[in-house]
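Provided below are the primary sequence and the corresponding predicted coordinates.
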Amino acid sequence: MTDFYEEAKKLFTYSQSMRRDLHMHPELGFQEVRTSGIIAKELRELGLETTTGIAKTGVIAIVDGARPGPVIMLRFDIDALPINEQTGAEYASQTPGIMHACGHDGHVAIGLTVARLLNEHRDELNGTVKLVFQPAEEGLGGADQMVEQGAMQNPAPIHSLGMHIWNDAPLGWLGIAPGPVMAGAAIIRIVVTGKGGHGASPHLAIDPIPAAAQIISAAQSIVARNVNPQQAAVVSITSIHGGDAFNVIPPQVEMTGTIRYFDFDVRDLVYKRLEQVVHSVAEGMGCQAAIEIQDVTAAVVNDPAVTIAVKHAAQATLPGHQIDERGHFTMGSEDFAAFQQKASGTYFFVGSQNHEKGLDYGHHHPKFDFDESVLPHAAALMAAAAVQLLKEQH
């Protein structure tokens, strides 16, 4: 059996150099022009059939095996975040206000390393591996656009695999669990309208600020008193804006927030109750309210059979790692779900935290950085999982 971990370790210098170059030159969603250019160049130099321009900056490459068989899709996200980096690393972002604060630079390096590993073993593949480098994962709908533009066709995969380096867990930890692992997400926008007036004469106005405050308070009861305690959901109001002067009651208050869920029935319940709460509370305080709920992505739900295949690949490839299969999940969202809906698959996590080196800040933190030793771990597991799935489906 191929020892992908030993091979990935030999490619560590390559993986690290790619990651650091990308980290120094981060690009936001749908703006990853330099990033996608590097990805395409590296893939074409391997002789792989490579397509660019899917969802503006997405890249797809095909690794054809020596023998015919099914198609397995591997996805790697490539975008950065609008955050000022504070790591002080020698490879820190050179672009003010933008940094790779979630590890997607590492994901690209892992994906390119996987391409090299699989390309070296094309003669052993019973089928095809489709490598998808996706832009705009961070809430901009990159996965949906790639799917709409044919990323899951010609050839169409039967299964999909995705992964995330995970700074909430140490090196040597793997989160490989069936069922829900990342939440579905929606964006909330609420506008409460009253009647403006002088702050010294509130009786002549209809103040939307206390109405908004009551809505926020009442919204917290939705999960606590409507959702089954054995299920999970989140309703968070995260911004509120109203008024410009200390002595003026504003005519309007706008709030935004997010809803998270795993189960579609729970989602529908929360949506319904939130709309009821918003309208009834506002009207009860003499105001009017409008609410918009925009779906961002569905929940990531891992296929049990595919998850078992990934687990077996992990046991064979990274025998010293701890596999957490107790239902590891997070309320964070991930648009990999769009690919899973076309090809059942598994999304797994690879621990990247190192307390001793101070590499333990959470994702989206301005001091986020990870232990680069995770790069060969993740690349080896992804390559081995793809090969394992091809063998099982052949």
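Right, received. Where do you want to start? Numbers count the residues shown, from 1 in each chain.

Now do the end-to-end distance for stretch 89-98.
One end of stretch 89-98 sits 15 Å from the other (C-alpha to C-alpha, to the nearest Å).

which of the residues in that stretch are buried?
91, 93, 98 (16 or more other C-beta atoms under 10 Å). Where you see a C-beta, it was placed from the backbone N, CA and C, and this is true even at glycine.

Return the member of the residues you listed nearest to residue 319.
Nearest to residue 319, judged by C-beta to C-beta, of those is residue 91 at 31.3 Å.

nearest residue to residue 351 other than its sequence neighbours?
Spatial nearest neighbour of residue 351, chain neighbours left out: residue 173 (3.4 Å); criterion: C-beta to C-beta, 6 or more residues apart in numbering.

List the beta-bridge partners for the one you found.
Beta-bridge pairing for residue 173 (DSSP bridges): residue 322.

residues contacting it?
Applying C-beta atoms under 8 Å, 6 or more residues apart in numbering, we find residue 173 in contact with 166, 321-322, 324, 349-351.

Need the buried residues of stretch 89-98 in TSV (columns: secondary structure and distance to residue 148).
Shown next, in TSV, are the buried residues of stretch 89-98 (DSSP: H, G, I helix; E, B strand; the rest coil; distance: C-beta to C-beta, whole Å):
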residue	secondary structure	distance to residue 148
91	coil	35
93	coil	31
98	coil	26
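
Show me what the longest strand anywhere in the chain is packed up against.
As assigned by DSSP state E, the longest strand anywhere in the chain is strand 179-193. On a contact count with 3 or more C-beta pairs under 8 Å, 6 or more residues apart in numbering; DSSP states H and E, strand 179-193 meets helix 208-226, strand 233-241, strand 252-261, helix 264-284, strand 288-297, strand 300-302, strand 330-333, strand 345-353.

worst average pLDDT in these?
Mean pLDDT across these is lowest at strand 330-333; the value there is a mean of 90.

What residues of that strand count as buried?
Buried, per 16+ other C-beta under 10 Å, within strand 330-333: 330-333.

Strand partners (parallel or antiparallel) of that strand?
strand 179-193 (parallel).

Past the strand it pairs with, which element shows up next along the chain?
Going down the chain from strand 179-193, the next helix or strand is strand 197-198, by DSSP states H and E.

of the buried residues of strand 330-333, closest to residue 236?
Nearest to residue 236 among the buried residues of strand 330-333 is residue 331, at 9.6 Å by C-beta to C-beta.

who touches that closest one in this structure?
Per C-beta under 8 Å, 6+ apart, neighbours of residue 331: 183, 232, 234, 260.

I'd like to know how far residue 248 sits from residue 191.
For residue 248, the distance to residue 191 (C-beta to C-beta, to the nearest Å) stands at 18 Å.

Actually, residue 9.
55 Å.

go on, residue 271?
Counting by C-beta to C-beta, the gap from residue 271 to residue 191 is 17 Å.

give me phi/psi at residue 91?
Phi and psi for residue 91, reported as degrees, to the nearest 10, are phi -110, psi 20.

contacting residues around it?
20, 23-24.

Check residue 290 too.
Contacts for residue 290 (C-beta under 8 Å, 6+ apart) come out as 190-191, 193.

Show me the domain layout of this structure.
Following automatic domain parsing, one gets these domains for the chain: 4-178+303-393, 183-297.

Pick the most buried one from those domains.
Ranked by average neighbour count under the criterion mean count of other C-beta atoms under 10 Å, the domains of the chain are headed by domain 4-178+303-393 at a mean of 21.

Would you mind measuring the gap between the ends of it?
So domain 4-178+303-393: terminal residues 20 Å apart, C-alpha to C-alpha.

Equivalent analysis for stretch 125-140, please.
34 Å.

Now do residue 381 against residue 266, distance only.
Taken as C-beta to C-beta, the span from residue 381 to residue 266 is 31 Å.

repeat for residue 54
Going from residue 54 to residue 266 by C-beta to C-beta gives 33 Å.

Residue 4 now?
Distance from residue 4 to residue 266, by C-beta to C-beta: 39 Å.
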